Structures are given as structure tokens and as C-alpha cells.
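In: Have a look at this prediction, sequence included:
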Amino acid sequence: MNPSTSLPDAKLSPEVDSSVLQIWGGHPLRGNVKISGAKNSALVIMAGALLCSGDCRIRNVPLLADVERMSQVLSALGLRLTRQDDILDINASEITTSKAPYELVTQLRASFFAIGSILARLGVAQMPLPGGCAIGARPVDLHVRGLQAMGAEVQIEHGICNAYVPGSNNRLKGAKIYLDTPSVGATETLMMAATLADGETILENAAREPEVVDLANFCNAMGAKIQGAGTSTITIVGVPKLHSVDYSIIPDRIEAGTFLVAGAITRSEISLSPVLPDHLIPVIAKLREIGVTIVEDSAECLRVLPTDSLRAADIETLPHPGFPTDMQAPFMALLTLAEGDSLINESVFENRLRHASELNRLGADIRVKGNAAFVRGVPILSGAPVLGTDLRASAALVLAGLAAEGQTTIQGLHHLDRGYDRLDMKLQQLGAKILRVGEAPTDAELSPNGSISPSSVST
Ligand SMILES: CC(=O)N[C@H]1[C@@H](OP(=O)(O)OP(=O)(O)OC[C@H]2O[C@@H](n3ccc(=O)[nH]c3=O)[C@H](O)[C@@H]2O)O[C@H](CO)[C@@H](O)[C@@H]1O
Ligand SMILES: C=C(OP(=O)(O)O)C(=O)O
């Protein structure tokens, strides 16, 4: 990896990350913000690069700790990687080991999805159970059962998922697979596995998230035969080999949604680009229900206008195209300041409401029962020290801090840095009074020319 674009090592280990964010709330935001490439596309497309016997050039790759760790996983498997700005070049002509490193795989979720591509390429894989946000049990049974249906022998022992394909040609076989729940990761793992399998695979009740479609487009650009991505039935006809590719990943709809909420909660006008508004339909619809005006300035640019009063709204998280679970925490922050009572039902993950008690430290009025949060709107929030417990929980606290009176201090930034590309710097450029104190990365560490790229944020 090009050291100038790597996040510092301190970011890779939660234990040693002692930096905090200080926010002085109550300041309006103004200007344009550039939305980075999608985290959940970038990570799985990097796993997909393992399928390719040639060179993969991946563009619009966000600067994230998870991307850095995923790069390290791929390097440990013997791939050659170089990064220049947001372009990542990966050569997987040689995979030197089928064993993924425990200490890296356990720090993120998407690393596990590479079991599908390693198995497809080598016929054998040893993959530790993954990490990622602690928002529920997050089993991998659907991944495992799908691979077994394709002919793999799979056993989980001592926290490692050991898989191999018996038989002389080591090639997985196409199968008809029904997913009990439309798991994003299982859909992606099995889709990658099926690209090089012998025969046709049909995935039923597949996830329909835009990142699944992005992965399918990436694989098809390498010569895979995948049809139906974005619908509940995906058909993959296996091919013997995939070829080199130059591919640009989609904008991050969750980062875009977070900035839309930032505009709404600070009653500000900000523009966001590039975005794909079709990927944000449930988020935009909910913001409009809350009373926020969103304007589509162009096919790739959204603008949020200042809002006088926010209205309460109920939210239920669902698989795409329902309301995304990754936007639940940011919306909870917003609804703390809405007039009236909102009910939030988290139905995708069983333990994803831990930010509620932290928002209450800021003066919110939220009661949690099971998977439901009852949010009674309050007129103001007031700054306090708080702890981010996962990626989107941390983002919710940043948003609440931007609106709160006085100073908010947020700990637990290793979560934020996993999945937001320099959120604090982008907000700073929009006029937020936000400062990283402690082991903050220097400008030189974050970009090759010594400062956050002027094209990434402008006011
Ligand atoms: C890296 C990545 O892309 N992460 C996203 C991905 O996570 P991830 O792929 O882990 O999420 P899933 O869609 O798999 O999880 C959805 C539900 O299915 C369950 N499940 C999943 C797999 C399995 O084998 N068995 C099982 O029961 C999970 O526990 C959860 O309750 O989709 C989630 C849901 O949109 C997002 O919140 C994450 O940001
Ligand atoms: C849950 C998330 O990420 P991961 O699946 O990587 O833990 C997220 O992006 O909100």
C-alpha cells in the first residue's frame, strides 16, 4: 500500500485509539460535500477481486480503516495491492495461501465474505469468523449452508470456518439456494462462489441492496454471467475464468444519508454529490415525512434546505428497498428534536439500539423496550461526554452533537473511522466546529498532497 494514503496504524487497533471528537454545537452548516465511494461496495468488491486471474483497477475507493484492513487481508493471502488516491489496483494472479489471518478478519465483517471467492479460486479456504459492528449475533449459517449446497465440505472449529471442495477438479457446483432471510453478506458470498462454479446457481430470496448490484456489475465486467441482481432471484452461470477490469464503485448511500440528516438536524442548507437518488428513496421519503425539504438539483446532486420544525415519524428498518438499518441511529438522533412521539422498530438486527442511552446523556428522551425505541421529542439537546458503541451509533452522536448546545465529546472513534471517510474533516469544511483531539491522523497521513483534497469538500 502507498503509505501516504494509509490510515495510521493506531487506527487499526481499538485498544490504542484514544482520540476523541470535540464538537461545539449549534452552528449551521453551509456548502457542498463530496460523497465518497460506498464502504459496503468497496469491501466486497475487494473480496471479489480474488476471483480475477488478472488486474483489477477499482476506482472511487473510500479512505477507511476497514478498507485498509481488507487490503491487509488480501496482502496476507498473497495478492499485490497498490493505492493512489482513490484508485486501488489489485493483482490476484497468485493466491499464495487459503488461510486468512485471524487478527485482521476479526476486525471487520466483509472480510468473511471472501470465503466465497477463495473457495471458488482454490477449492479450499480457512476463514476465521468475522468481526464488524456488535449489533447482534450476526451468524454465518446462510453463507455456510449455501456453500454446502454447492458441494463444499464446511466445518467451523475453534472459531475458524474450514471449507474445501472434494473431487478431482476442486470446482464448486451450481445449485438452487433459498436464503431464509435476504442476507446481504450471504448473497454476496454465494454470488462470488457461483461465478466460477460448474453450472448454474439460482439464489432465491436474495438481498436486493445496491451494493449487491454493484458487486454483480463488477463481476460481470470481469466476464461473469450474473443476471437478476437487484431482484430477489439471482441467476449465475459459472465460467472457468474471469479477466482484468477497470471499475468505479457507487457513491455511499449511507454517508449521503448521514449528511442529509446533518443538514436537517442543524437546520442548514448543504449540497451533496455525487449521489444516486434512487438508492436513497426510503431515506428521502422519511426525511420529507419529518418535514425536511430535499431538492434534486441534478441526477447526481441533492440539496437539503433549512427546516423550521421537525415532525415525529415512525420507522421500521427492513431489507432494501425498505428503510436501511444503517440509517436507523442517525434518524434516531434527528427524531430526538422532532415535535411529538416517534416509534423506531429495529427489525434487522437484535441489538442495535445502544446509542439510545448515549443520546439520553445529551438530553434526549428515549425509552427502549426490546427492539423498539420510543422517542419523545425535546426542544433542545445539551452537550455532554458520550461513547460511540458502533459505527452508525457514533455517527448519530456526531449529528446530535452538531445540534446540541455547548460541547460534546465523543469517544470510540475507531468505530467511526471504520466506515466514514474523514467525516470530521468534511463537516469542518461545511463550517462545523468539530475537532479531533489526541491521536488524530495528520493531513499528510490522510492524503498525498498534505491536506484533504479541495475537490472532496468545498464551501
Ligand atoms: C459489510 C456489509 O455489507 N455490511 C452490511 C451488511 O451486513 P451483513 O451482510 O452482515 O448483514 P445481513 O444482511 O447478513 O444480516 C441481516 C440479518 O440476517 C441475519 N443473518 C445473516 C447471515 C446469516 O448467515 N444468518 C443470519 O441469520 C443477521 O443476523 C441479521 O439479522 O448488511 C447489513 C444489513 O443491511 C448492513 O447493516 C451492514 O452494513
Ligand atoms: C453494520 C455496519 O457495518 P459492518 O457490517 O461492516 O459491521 C454498517 O456499515 O453500518
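Out: Done, it's in. Ligands and ions are numbered 1, 2, ... in the order given.
In: and the residue in the stretch 101-250 of the chain that ligand 1 sits nearest to, what is it in contact with?
Out: With C-beta to the nearest ligand atom, the shortest gap between the stretch 101-250 of the chain and ligand 1 falls at Gly185, namely 2.8 Å. (C-beta placed from N, C-alpha, C; glycine too.) By C-beta atoms under 8 Å, 6 or more residues apart in numbering, the residues touching Gly185 are 109-110, 112-113, 140, 143.
In: closest to Leu399 among the residues you listed?
Out: The closest of the contacts of Gly185 to Leu399 turns out to be Arg109 (C-beta to C-beta; 22.9 Å).
In: now the closest one, nearest residue through space, not along the chain?
Out: What sits nearest to Arg109 in space, not counting adjacent residues and going by C-beta to C-beta, 6 or more residues apart in numbering, is Gly132, at 2.8 Å.
In: on that earlier part again, now, which of the contacts of Gly185 lie within strands?
Out: Counting by DSSP state E, no part of those is found in strands.
In: Out of those, the closest to Lys241 would be?
Out: Lys241 lies nearest to Phe113 out of the contacts of Gly185, by C-beta to C-beta, at 20.8 Å.
In: give me the number of residues near that closest one?
Out: 29 (other C-beta atoms under 10 Å).
In: Contact partners for the residue nearest to Arg109?
Out: Contacts of Gly132 by C-beta under 8 Å, 6+ apart are 108-110, 138.
In: and it, that one's in a strand?
Out: No: with DSSP: H, G, I helix; E, B strand; the rest coil as the criterion, Gly132 is coil rather than part of a strand.
In: quick one on the thing from earlier: now tabulate the contacts of Gly132 in TSV and tack on pLDDT and distance to ligand 2.
Out: Output for the contacts of Gly132, formatted as TSV (pLDDT from 0 to 100; distance: C-beta to the nearest ligand atom, whole Å):
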residue	pLDDT	distance to ligand 2
Leu108	91	6
Arg109	93	4
Ala110	94	6
Arg138	92	8
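In: contacting residues around Val368?
Out: Val368 sits in contact with 353, 356-357, 374, where contact means C-beta under 8 Å, 6+ apart.
In: Apply 10 Å and report the result again.
Out: Taking C-beta atoms under 10 Å, 6 or more residues apart in numbering as the criterion, Val368 is in contact with 344, 346, 353-357, 360, 374-375.
In: Could you look up the SS state of it?
Out: Quick answer, by three-state DSSP: Val368 is strand.
In: tell me which residues of stretch 217-231 are tucked away?
Out: For stretch 217-231, a neighbour-count test (16 or more other C-beta atoms under 10 Å) marks 217-220, 222-224, 226, 228-230 as buried.
In: Tell me which two of those residues sit farthest apart.
Out: The distance between the two most remote of the buried residues of stretch 217-231 (C-beta to C-beta) is 19.8 Å, for Gly223 and Gly230.
In: Closest to Lys176 out of the buried residues of stretch 217-231?
Out: Nearest member of the buried residues of stretch 217-231 to Lys176, counting by C-beta to C-beta, is Gly228, at 13.3 Å.
In: What values do phi and psi take at that closest one?
Out: Dihedral angles of Gly228 (phi, psi; degrees, to the nearest 10) stand at phi 90, psi 0.
In: wait, isn't it in contact with Ala207?
Out: No: in this structure Gly228 lies outside contact range of Ala207 using C-beta atoms under 10 Å: 12.0 Å.
In: got any ranges where the chain has weak pLDDT?
Out: For the chain, the stretches flagged by pLDDT under 70 are 1-17, 439-459.
In: Would you mind naming what in it lies close to ligand 1?
Out: Contact residues (C-beta under 6 Å from any ligand atom) of the chain with ligand 1: 40, 43, 109-110, 136-143, 181, 183-186, 207, 325-326, 348-349.
In: one more time with 5 Å
Out: Residues of the chain lying close to ligand 1 (C-beta under 5 Å from any ligand atom) are 40, 109-110, 138-142, 181, 183-186, 325-326.
In: element containing Ala163, please.
Out: Counting by DSSP states H and E, the element that carries Ala163 is strand 160-164.
In: The contacts of Val368 in helices, which ones?
Out: Mapping the contacts of Val368 onto helices (DSSP state H) picks out 355-357, 360.
In: If any of those residues are buried, put those into a PyMOL selection.
Out: Buried residues within the ones in helices among the contacts of Val368, by 16+ other C-beta under 10 Å, are selected in PyMOL with:
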select buried, resi 355+356+360
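In: could you redo the ones in helices among the contacts of Val368 as JSON lines and give each row distance to Arg367?
Out: Shown next, in JSON lines, are these (distance: C-beta to C-beta, whole Å):
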{"residue": "His355", "distance to Arg367": "14"}
{"residue": "Ala356", "distance to Arg367": "8"}
{"residue": "Ser357", "distance to Arg367": "10"}
{"residue": "Asn360", "distance to Arg367": "9"}
